[in-house]
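> coords please:
(2 chains)
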Amino acid sequence: MKLKLTWLLTLFMAFVMQFSFAQEKTVTGTVTTATDGMPLPGASVIVKGTSRGQQTDFDGKYTIKVDQGDVLVISYVGMTPGEITIGAANTYDIALEDANTLDEVVIVGYGTTTKKAYAGTATVVKSENIETKNFSNVSQSLAGEAAGVTVINTSGQPGSTSTIRIRGFGSVNGNRAPLYVVDGVPFSGSLNSINPSDIKTTTILKDATATAIYGSRGANGVILITTKGGTASESYIEVDVRTGINTQLIDRYEVITDPEEFIGYVWEANVNREILGGNADPVGTVNNTLFTTLINPVYNMWNVANGAELIDPATGKVRAGVTRKFTPKNYAEEAFNPAYRTEANLRMGGGNEDVKYFVSAGFLDDSGYIINSGYKRYTTRLNINAKVKPWLKLGANLGYAYSETLANGQTNGAENLFEFADKMPPIYGIFLRDDNQDLVEDPIFGGFQYDYGSISAINNGFAPRARPASDGLNPIASALYDYVGTDRHEINGSFNANINIAEGLTFETTFGAQYSNNVFKNTSNQFYGGAAPSGGTLFQRDTETLTMNFLQLLRYRKDFGKHSIEALVAHESNDFDRSRITANKSKSVIPGVYEINNYIVDDFPVSGFSEGRTLESYFGQINYDYDDKYYLTGSLRRDGSSRFAYEKYGTFYSIGGAWILSNEDFLADNDLFTFLKLKGSFGTTGDENGVGFYTGIDTFNASNLGGSIAIAPNTFENESLTWETAKQYQVGVEFGLGNWLDASFDYFVKDTENLIFSRRNPPSSGVAVITVNDGELRNYGLEFDLTGHIISKDDFTLDVSLNGAMYDNEITTMPLEPATGLPKILDRQGNYAYTKGGSIYDFYIREYAGVDPADGYPMWNQYYDDVNGDGLFDSGDTAIQSMTDYLDANPDANVEKTLTKTYADATERFNDGKSGIPDVAGAFRIAARYKNWNLSTQFTYSLGGYAYDNQYAELIHDNNSGISGTNRHIDIRDRWQQPGDITSVPRIADRVIPNVRSQSTRFLIKKDYLALNNILLGYTLSSKFLDNTGLDMVNLYVSGDNLFVKSARVGYNASLSESGSSGRATYAPLTTFTLGVKLKF
Amino acid sequence: MKKNVFKLMMLSAIMSLTFSCGEDYLDKSPEGGLITLNQLADAGAVNPDILIGTMDGVYTTTFNTGTGGTGGHDDFGQKAYDIFGDMLSGDMALSLSTYGWYRASITELQCTQDFTYSDNYQVWRHYYRVVKNANIVIGTIGGTDFDPETDVNRYILGQALAMRAHSLFYLTQYESRDYMPDAEILPLYTENQNLGQPKSTTNDVYTFIERDLNRAIDLLDGYNRPTKTQVNKPVAQAILAYVLASKRNAWPEVAALTSEVMSTNGATLMSSGEVTGGFNNVATPGWFWGVDLTTDIGLGLVSWWGQIDYFSYSYAAYGDSKAIDENLYNAIPADDARKAQFYDVAGSLFLMPLDKFYDDDRVPAGASGTVTADYVYMRQAEMILLNAEALAKSGSDGPAREMLRSLMSQRVPDTSYLNALSGAALQDEIYLQTRIELWGEGKSYLALKRNQGTVNRGPNHLSFVGESMSYDDERLTFEIPEAELQDNVNIDSQNQ
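Numbering: from 1, shown residues only, chains lettered A, B, ... in the order given. Sure thing, here's the model as predicted:
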């Protein structure tokens, strides 16, 4: 009986226990930080293995329904996650430790490591720093984010991709662009196809240990992009929506805007022209011709009949009392208007231990501040990882983007809104005026017709007349009525499998492909402008690219006590193909239909071709570490490229080591260094991307000449052309001081040999330039990255970070002069010249010596060999054309300087060390958090160095079309006007004075700048407001991008080109103000 | 165990994919765009047109854009330099300049005094590029002195030698003020020379040119060219006639050559009707060397028509007017058929050649962006005029007069005024008629130097109106470009 009872009891108990085990109960608790015990709001509390969870409230408290035996995972950004196993109690408090960022996983080439263990230099750019910026792709967002990474914003056109340079100037004529790797696959698509909101991490690899594993493609640095994936710990939906305004706050050059002021200069310049030409009545001549041959009378906007009535000859200015008949509408004001930017992104993720997924969709509508320029994009991404068997993992990551770029008004050299805004004299308005100077109605588009000069006149039956500036063009009209745009589909995907063969041994394979179909169309309407006579034109270019990359990799990992080893061997092949078809047609049937069959005439024959290159690589790597103190890594890679005709293969390798001193016993108890690491590396990398697809072999073009094949040489090549190789040495130190400073310093020397070099031949040989491997270039520099945690209170933090790079560059071996077989003394490269010991950005031009006060003519320095030693340039002395060449041939020359007004006689020389290389460039950021508010600002800076201000040169003096054809920079106000004037701006004389804007030191400008790149103010809603809303997180923010640039001249912006030199048609970076909200469910 | 077998099978399948890349994985050739030398050699083995095609490529180089290495809109081959020459001679006036092409550099004579101007590079680069391309063909056939066995190769070699000579001849004209036998003027390149050469004397350059042309004339005997683009024997002879004429000491030879050309080239003199209607079509019987420009050739704005013709999509229609020099226009008699070639209404089109050079659509600014009007290189009239000049200068005034009359009778109703002309007056008249007849065809500059003329610009020029410049004025020849002096260790000075 007793036994029976016991048994029953046992059964009962078991039942009860069973019952109670399954019983759900509500537990509560408080999450605090371990360092100071303060409550932690917004921490996530998830039941492990499920998607159930919630966030702590403002007081760090949570309440959650759980079963006994469940495990809660408590996590918070920047903290080490904690776990709680639910027992009988109902209250579970936990204190989270600060995560050690040193243990964060860092993705590097073909594997992962930790920040602590890495012997190379890998900078991880935080996704939150990228998310605060409003760009369509990651390239612009990288500005200022890492020491030694230069971002060059070549255009403000929405959807444009910036040029990135890592560690300065790797090559002379070869490739300088870094390699992008997306989810482990080398990427040759458009960065725009990757929505920045899908990016989890961006890692920049700089030194040889980091990049040599990429062998042939790593010489200019590597940017690794990893997209977001699913997670097993929670399921979530994130929505972020932002809307804003794009406008132009970055200044343009200051030009004359007042028509009266401008016409005064036209008059003065032409009077001077007549004076210098020997005309006995210069004023009378110009008064009579001002509104006849110089400027068509239709552009006379004043109530005067001729120059005499308009201009007071005593002052050269418009007479007081002269009134306007009309005021022409200005190109700039019509061209530039603020426009909207809207972006929305939806991200969902989740999964369990075996299958994880991530899905996203994004929409961007980004309009530029000029008429009809914009970018519209739809993106989606799907990322799935599955553990199919305990030994087999599969992953697929697929992104698709469709974009529409509208780039009206930016035709180079013709109908360009920016060029017209800067260079159109203010006397010419945008609208057409008939012979009575009345506006002409537009029967087609409504409103008034735009002025195309003589073309408009012909079409409207007026007397043929030319507008002295850019006759036949009107970019406002073409931006409105024409279409220049690109539609692009792009898919990038990777599929990988990971097979666990044996303990520690895995086989990994990844197949990646990037495909794009790009349709570019450029149409001109059939009603107005240049295409009107031919009935409208269409140019279409379809480009299809496909990159396939296939990787097979065997990896072995093993720990033996304190020793840990990882080794891999792999094979990779990469195939890039591009094909292109173009069509040119004219005579449109239906206006506004931009398809080939809507145009009935073939203007030029259809053309099409395909081209490409292949790469094949074998490589391996070994990583070893001992006791978390000593790390060694070595890699070897052999690459072959189809680009080279005969010398296809190159071998690249690296070794590197790191020593964590702070883990040594002798530093165990120090209070100063929380972390201290020394590292060093050496390695070689190559480059093949800087030459065309078919080098080493002469190429030809074929064409149809009267029905026969005609074959003409295209490029003469050098058959022994091969890899450019860089040897890179680096030493670095990383340390943490207390909890208030994290710092890293790297010093590197990079010797690039076998430079891909454009050798200039005598043009008479018929081959002006040939690409060779020759010369050696050394780049060296110091990079620093400092982050100071100035204030770290629970509700108030303030971080200040500063990064920068100091580079220099030296040609250590000059390329050979084929005629002598000796290294060249000097090699001219545009504004620069190369010589041994110099840099590749040393200016070698004629020196401007100001204006002769007697006659207003420009002067230049002429150096001569004062053979007779009398200090005068006279007979017996030798004029020096090119200083470096002359001194090489005549080392004992007695060089003296005189002035010349003949430009060709001026001496070319290195201009006292003026170089295009800045002394230091980088960025600083201030980030603060107060309670739920956060504020961050980023400035970029550059100090030192010079650039050539081409655009200023074009604005300050005569172009081909003379003064009535081009507006002037306001510095024309300082021009020479009468004998005795001391100025650096020569007399204006409408093209009479030769070489007035020829290349000289006059147009060098200091590259220094300070730019406010980004500012963001955000507010995160306290979780106590979110109870019962279903929302986990609400974040609101306002931000601004590209707010100002301070440089040596208003309108000049050194960050728009690699050399810093300015050019035409600058689409200055968009200034964007954004209001955004981020929600998480 | 079973699992491991499966894994191994998967691995080996992937591995076999991996290494099946094969040996030719890294051999990649372009398709449809560029052609590599290897592809060309392979194709040449099965397609005999390829070798002929390389010679035809020398001709395309004479009218393709950018051959002067600048990318400028005045860089389009031989006809680009014809404009330079016409403007330097003063016969072509830039009467309105909006875009500024030719303005300061050419018409204000700035580039010819300053070797830093890119126009100097353009002239030099273009003609030496043609020399190089011709040298490739010559080298492929077997060399300058090789005697090819097949007719096809004889004709190709002949053409290549003639084109090399043609380019060198233009260089002598543009780079040297005058025919000065001992002056060092140009580097010479044979098919075997790739490195920068020193300058040779005028005498050596002419010897080189004349040898090439005499050999070409010999090799081209019997050649029946497919189109008027190719150099045949009469064209080679005509080039030689110009070369000898430029020396001013071989007039009987010039007279004989031009006479033979006229009788063998199959061309006729353009009629009075054709001079206002025949300058856009290579089929005009008056032409014996020219190019049939087609849609396939694909020239557009950057072309001779794109600079000169108001009825093409052109700078001429967009405010860059090129007109006949007003003085020269005034020298054309009122009853001369050629007077009608020029537009005689004041305004921006004044004296533009609206009825000489026009696209036959006759839509202002062009009915199409494509140039299909043709390029004329040589026509019968210039042989008549050169023959008359050579006869007159070798003392045969009578035959010279009759030769000139054969042209003038097609231009004016009454040629009796010629009867009174002899000696210098006859030579002057021939020179004047050469300038009028060949206006805008790139021959005025050669005639200026040959006739030791004087430039005197009329009032419709924008600069130097009324100022006299002798044919050998330093300002009328180009400089050796800066790049040559920088990159050729064997040349360090300008020509005298």
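> Every contact and neighbour count from this point should use C-alpha atoms.
Will do.
> got the contact list for stretch A:275-289?
With contact meaning C-alpha atoms under 8 Å, 6 or more residues apart in numbering or on different chains, stretch A:275-289 is reached by A:267, A:270-272, A:274, A:295, A:306-308, A:313, A:992.
> cool, stretch B:369-381 as well?
With C-alpha under 8 Å, 6+ apart, stretch B:369-381 has contacts from A:531, A:534, A:603-604, B:79, B:262, B:267-270, B:279-282, B:286-295, B:298-301, B:303, B:305-306, B:312-313, B:358-360, B:407, B:437, B:441.
> now with 7 Å?
If you take C-alpha atoms under 7 Å, 6 or more residues apart in numbering or on different chains as the criterion, stretch B:369-381 is touched by A:603-604, B:262, B:267-269, B:280-282, B:286-295, B:298-301, B:313, B:359.
> where's the most centrally placed residue in chain B relative to chain A, distance?
Closest to where the C-alpha atoms of chain B average out (C-alpha atoms, centre = their mean) is residue B:78, at 3.0 Å. For residue B:78, the distance to chain A (C-alpha to the nearest C-alpha, to the nearest Å) stands at 16 Å.
> cool, and residue B:322?
Taken as C-alpha to the nearest C-alpha, the span from residue B:322 to chain A is 14 Å.
> Isn't that residue up against residue B:91?
No: between residue B:322 and residue B:91 there is no contact under C-alpha atoms under 7 Å: 10.1 Å.
> re earlier: from the contacts of stretch A:275-289, which one has the minimum pLDDT?
Lowest pLDDT of these: residue A:992, 86.
> Give the full set of residues in contact with that one.
residue A:273.
> try 8 Å this time
Counting by C-alpha under 8 Å, 6+ apart, the residues that residue A:992 touches are A:273, A:276.
> ok, now the one 4 residues further on?
Contacts of residue A:996 were listed using C-alpha under 8 Å, 6+ apart, and they are A:858, A:957-958, A:986.
> Dump those to a markdown table, plus distance to chain B.
Formatted as a markdown table, the contacts of residue A:996 follow (distance: C-alpha to the nearest C-alpha, whole Å):
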| residue | distance to chain B |
| --- | --- |
| A:858 | 16 |
| A:957 | 13 |
| A:958 | 10 |
| A:986 | 17 |
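> Show me chain A divided up by domain.
A:23-99, A:259-329+A:414-475+A:958-996, A:842-915 (automatic domain parsing).
> Of those domains, which shows the lowest average pLDDT?
Among the domains of chain A, domain A:23-99 carries the lowest mean pLDDT (a mean of 76).
> re earlier: for the residue nearest to the centre of chain B, which non-adjacent residue is closest in space?
The shortest distance from residue B:78 to any non-neighbouring residue, by C-alpha to C-alpha, 6 or more residues apart in numbering or on different chains, is to residue B:62 (5.4 Å).
> Quick check, the residue nearest to the centre of chain B in contact with residue B:59.
No: assessed by C-alpha atoms under 8 Å, residue B:78 is found out of contact with residue B:59, at 10.0 Å.
> in which helix or strand would I find residue A:845?
strand A:842-846 (DSSP states H and E).
> Show me what that strand is packed against.
strand A:832-834, strand A:908-915 (3 or more C-alpha pairs under 8 Å, 6 or more residues apart in numbering or on different chains; DSSP states H and E).
> following it, which helix or strand comes up?
Following strand A:842-846 in sequence, per DSSP H and E, is strand A:848-851.
> Who are the packing partners of that next one?
On a contact count with 3+ C-alpha pairs under 8 Å, 6+ apart, strand A:848-851 meets strand A:858-865.
> neighbouring strands for the strand it packs on, and are they parallel or not?
strand A:848-851 (antiparallel), strand A:878-879 (antiparallel), strand A:895-900 (antiparallel) (DSSP bridges).
> so which of these gets nearest residue B:183?
Ranking the strands paired with strand A:858-865 by proximity to residue B:183 (C-alpha to C-alpha) places strand A:878-879 first, at 22.5 Å.
> just how off-centre is that closest one within its chain?
46 Å (C-alpha atoms, centre = their mean, to the nearest Å).
> got the buried residues for the helix or strand just after that strand?
On the C-terminal side of strand A:878-879, the nearest following helix or strand under DSSP H and E is helix A:883-889. Residues of helix A:883-889 classed as buried by neighbour count (16 or more other C-alpha atoms under 10 Å in any protein chain shown): A:883-886.
> Need the residues you listed in JSON lines (columns: distance to residue A:482).
Below are the buried residues of helix A:883-889 laid out as JSON lines (distance: C-alpha to C-alpha, whole Å):
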{"residue": "A:883", "distance to residue A:482": "51"}
{"residue": "A:884", "distance to residue A:482": "52"}
{"residue": "A:885", "distance to residue A:482": "52"}
{"residue": "A:886", "distance to residue A:482": "55"}
